[in-house]
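Q: Sequence and predicted structure below; questions after.
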Amino acid sequence: MTRVNSVKGKRVAVVLGLSLIGLVAVGGFFLRDMILDGVWLFAVRCGNSRIAMYGAVTLIDRGCLTAIPTILSAFEKHMREADSDTREAWLHVVGHMASMGPQAVEILGKCVADRKWSLGTRHVLYSTVGTMAVTDDRALDILIDGVYDKDPRVKEFALMNLLPAGPRAAKSVPAVSRVLSDEPEPGLRAMAAYLLGFIGGGGATSALTRALRDTSEKVRTEAANAIKRIEGRSEASSK
């Protein structure tokens, strides 16, 4: 009996020992990742443009969501200081955030709505969200909120980046139709008409038909072209 108990005790000790090793190993991985993220965050905050950019891309590839505000701060800093080629590279860095996948949508949405960021930064963020809206309804909702924004420049960003979603953006028709009917700026009304032509649907056609009486010739022309586009697509799909 004593020998049996001894064997059982050894087995328990072995199991506990292996469990402890496993916990230490997992903890080590987490600690390593935290240290690496901290190093790259420091590079983004304090490095020159090239080092900061490399750190930003690395953090994005690692899926470090908490790094997004730090990357945006570096983006604004280096966009002011850099030459045109470097600015172009930084634009691609922020656009690369779309590769972080659905888990990044919520924090990107908060950044888009945060007016502490410059309009230029928000413009790039809207473009990133627009890329994600092709497959993600939450990203689509962020763009629709932008269409309702009081700032006409934000409306423009949101309208532009709804375009890639095409018919998937059907839920945006009420917001876009409101721009088409109520927006004082003819350029935005024309943009809304153009967009509705790619979204399609009965609601879009109704709004565009009303816009044929718009005071702006440009809006009337875009509305007529959009109706033709919707009708052409409908005829093609029925064949």
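A: Arrived safely. Keep in mind it's a predicted model, so treat the numbers as computed, not measured.
Q: And the contacts of stretch 63-82?
A: For stretch 63-82, contacts defined as Cβ atoms under 8 Å, 6 or more residues apart in numbering pick out 37, 40-41, 44-45, 49, 52-53, 56, 59-60, 86-87, 90, 93-94, 97, 100-101, 103-104, 107-108, 111, 117-118, 120-121, 124-125. (Glycine included, C-beta is placed from N, CA and C.)
Q: Which residue ranges make up the domains of this protein?
A: For the chain, automatic domain parsing gives the domain ranges 46-133, 154-239.
Q: which one of those lies closest to Ile144?
A: Minimum separation from Ile144 across those (Cβ to Cβ) falls at domain 154-239, 4.9 Å.
Q: which phi and psi does Asp149 have?
A: With angles defined as degrees, to the nearest 10, Asp149 sits at phi -60, psi 150.
Q: What distance do you get for the closest residue to it other than its chain neighbours to Thr70?
A: Nearest-residue entry for Asp149: Lys155, 5.7 Å, with adjacent residues in sequence omitted and distances by Cβ to Cβ, 6 or more residues apart in numbering. Note on Lys155: its distance to Thr70, by Cβ to Cβ, to the nearest Å, is 29 Å.
Q: more neighbours, those two?
A: Higher neighbour count among Lys155 and Thr70: Lys155, with 22 against 19, using other Cβ atoms under 10 Å.
Q: thinking the more buried one is in contact with Arg178, fair?
A: No. With contact defined as Cβ atoms under 8 Å, Lys155 does not count as touching Arg178 (10.1 Å).
Q: Quick one: name whatever helix or strand follows the helix or strand where Leu108 lies.
A: Applying DSSP states H and E as the criterion places Leu108 in helix 105-113. Downstream of helix 105-113, the first helix or strand assigned by DSSP H and E is helix 119-133.
Q: tilt between that following helix and helix 105-113?
A: Counting by axes from the mean of the first three to the mean of the last three Cα atoms, to 10 degrees, helix 119-133 lies at 150 degrees to helix 105-113.
Q: what does helix 119-133 rub up against?
A: Contacts with helix 119-133, where a contact means Cβ under 8 Å, 6+ apart, come from 72, 75-76, 79, 91, 94-95, 97-98, 102, 104-105, 108-109, 111-112, 117, 139-140, 142-143, 146, 153-154, 157-158, 160-165, 168-169.
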